[in-house]
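Q: Can you look at this prediction? I've put the sequence above it.
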Amino acid sequence: MTSPQAVSSDPVSVVSASVKPTSSTSYKVLGAISVAHMMNDMIQSILLAIYPMLKDSFNLSFGEIGLITLTYQLAASLLQPWIGLYTDKRPTTYSLPVGMAFTLVGLVLLAYAPSLPYLLVAAAMVGTGSSIFHPESSRVARMASGGRHGLAQSLFQVGGNVGSALGPLLAALIIIPHGQTSVAWFSLAALFGIVVLVGIGRWYGANRALLKPKARTAGSVTTLRRGQVLGALGILGILIFSKYFYLASLNSYFTFYLIDRFDLSVRSAQLYLFLFLAAVAVGTVAGGPVGDRVGRKLVIWVSILGVAPFTLLLPHANLFWTGVLVVIIGVILASAFSAIVVYAQELVPNRVGMIAGLFFGLAFGMGGLGAAALGKLADVTSITYVYQVCAYLPLLGLVAFWLPDIEGKRRPRVTVPPQGASPR
């Protein structure tokens, strides 16, 4: 029998060992898929982090910067629900490394792109890789959850958030001093991600039994009608719009805002962006487990609407308080997404991949549309005005009040008969 030390000696063998499907949480698999998510999203965030450099090198307007984000986000969003729906019916063991290969090609193209059209193609390739990666990796996280779906989704998500936070930091330390071609160095991260995902693919293929839905106990089946399910999904869509339009203002334009308002250097501004993205990672870790414990509807409600007082203060704060506020905003706002995805998967339990693809795709799509729209608004008005307008978006969190309490409906009721009485 292989020893635990031997199993953990390389990235592939960590997750490729064939194990019997159990109801316990597989932290090795969750750790591996989280690491792969970190590599994937680090590469994507590098694209966002080098916008100031690309703007100067290619003489781009804010609208053209928004177009790059829109291209990336649309490629990352439109395919995801269809890929998720396809793999719900035909699980594809090695789709994950294929997705990372698309990201690798886009990364190399980004390093040597001579003009805006090439930048757009590179952004589309990175987005396509993300479209393939997210639905299947979310399914793997659910397979390995052992029933702790919120925790698994958070551990999976936090890898992406850590990668997103590392991107601007590494861009400030490596790409800005050495120029556009140094982006190619990060192809090593994509290659490492492919190795890890090959191992996950082997585990995926060896544990197909975990894809079979468990039989539900009496009293655990939701009584929601089709119209109520569609209405709840519509409300979640509004919340995704609110969250990701606001996040677009920070992900794409926060460095420009800091440079314009506080006269910071590009490098200093990117360190503040790293601070925000690190806070997002912390909030993501908290959101899933808290949702498992207190209910996902409450987490969704608090994380969207609860951030509004801080977003309203942000445009009026000095540099110190801007740093404090974006940390608070990142922690609170990030706790929502894991809860939203798991809540939606519980609404439509037989379409795990499709729902994951739909909501990851919607998140990317809203982020892309937000970046394009806010870039145009910044060109017409000012970058400061963008933050004054976006400050009101979290107030849309009020619609979470109308989400059905599916967790209460699913919770089995256990009746204890009176002493001496026979149970019926």
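A: Everything's here; your move.
Q: Which strand or helix spans the closest residue to Leu358 other than its chain neighbours?
A: Nearest residue to Leu358 in three dimensions, chain neighbours excluded: Pro81, at 4.3 Å (CB to CB, 6 or more residues apart in numbering). Any C-beta I mention is one placed from the backbone N, CA and C, and that applies to glycine too. Per DSSP states H and E, Pro81 falls inside helix 80-89.
Q: Going C-terminal from that helix, what's the next secondary structure element?
A: helix 95-112.
Q: Buried ones in that next one, by neighbour count?
A: Within helix 95-112, the residues that count as buried by 16 or more other CB atoms under 10 Å are 95-111.
Q: Next: stretch 144-163.
A: Neighbour counts over stretch 144-163 (16+ other CB under 10 Å) mark 144-146, 148-163 as buried.
Q: next one: stretch 369-381
A: Neighbour counts over stretch 369-381 (16+ other CB under 10 Å) mark 369-378 as buried.
Q: try stretch 254-274
A: Neighbour counts over stretch 254-274 (16+ other CB under 10 Å) mark 254-259, 261, 264, 266, 269-274 as buried.
Q: Which other helices and strands does the helix holding Pro81 contact?
A: Under the contact definition 3 or more CB pairs under 8 Å, 6 or more residues apart in numbering; DSSP states H and E, helix 80-89 sits against helix 116-143, helix 352-380.
Q: Export the ones you listed as a markdown table, with columns for distance to Leu70 and mean pLDDT.
A: A markdown table is the format used below for the helices and strands packed on helix 80-89 (distance: least, CB to CB, whole Å; pLDDT from 0 to 100):
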| stretch | distance to Leu70 | mean pLDDT |
| --- | --- | --- |
| helix 116-143 | 9 | 87 |
| helix 352-380 | 4 | 81 |
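Q: Of all those, which one is nearest Val285?
A: helix 116-143 (13.7 Å; CB to CB).
Q: Kindly spell out which helices and strands sit in contact with the closest one.
A: helix 27-49, helix 51-58, helix 62-78, helix 80-89, helix 95-112, helix 149-170, helix 187-206, helix 352-380.
Q: Mind putting those helices into a markdown table with distance to Pro394?
A: What follows is these, written out as a markdown table (distance: least, CB to CB, whole Å):
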| stretch | distance to Pro394 |
| --- | --- |
| helix 27-49 | 21 |
| helix 51-58 | 24 |
| helix 62-78 | 20 |
| helix 80-89 | 25 |
| helix 95-112 | 31 |
| helix 149-170 | 19 |
| helix 187-206 | 33 |
| helix 352-380 | 13 |
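Q: For Val282, find the nearest of these.
A: Each of those has some distance to Val282 by CB to CB; the shortest is helix 149-170, at 8.3 Å.
Q: I'd like to check what contacts the next helix or strand after the closest one. Which residues are they?
A: Following helix 149-170 in sequence order, the next helix or strand is helix 176-178 (DSSP H and E). Around helix 176-178, the neighbours that count as contacts under CB atoms under 8 Å, 6 or more residues apart in numbering are 50, 53, 266-267, 270.
Q: Relative to Asn350, how far out is the residue minimising distance to the centre of the chain?
A: The chain has Gln157 as the residue nearest its centroid, 5.7 Å off, counting by CA atoms, centre = their mean. Going from Gln157 to Asn350 by CB to CB, to the nearest Å gives 23 Å.
Q: And Phe256, by the same measure?
A: Distance, Phe256 to Asn350, by CB to CB: 44 Å.
Q: Just give me the closest of the buried residues of stretch 254-274 to Val35.
A: Distances from Val35 to these, taken as CB to CB, are shortest for Phe274 (19.3 Å).
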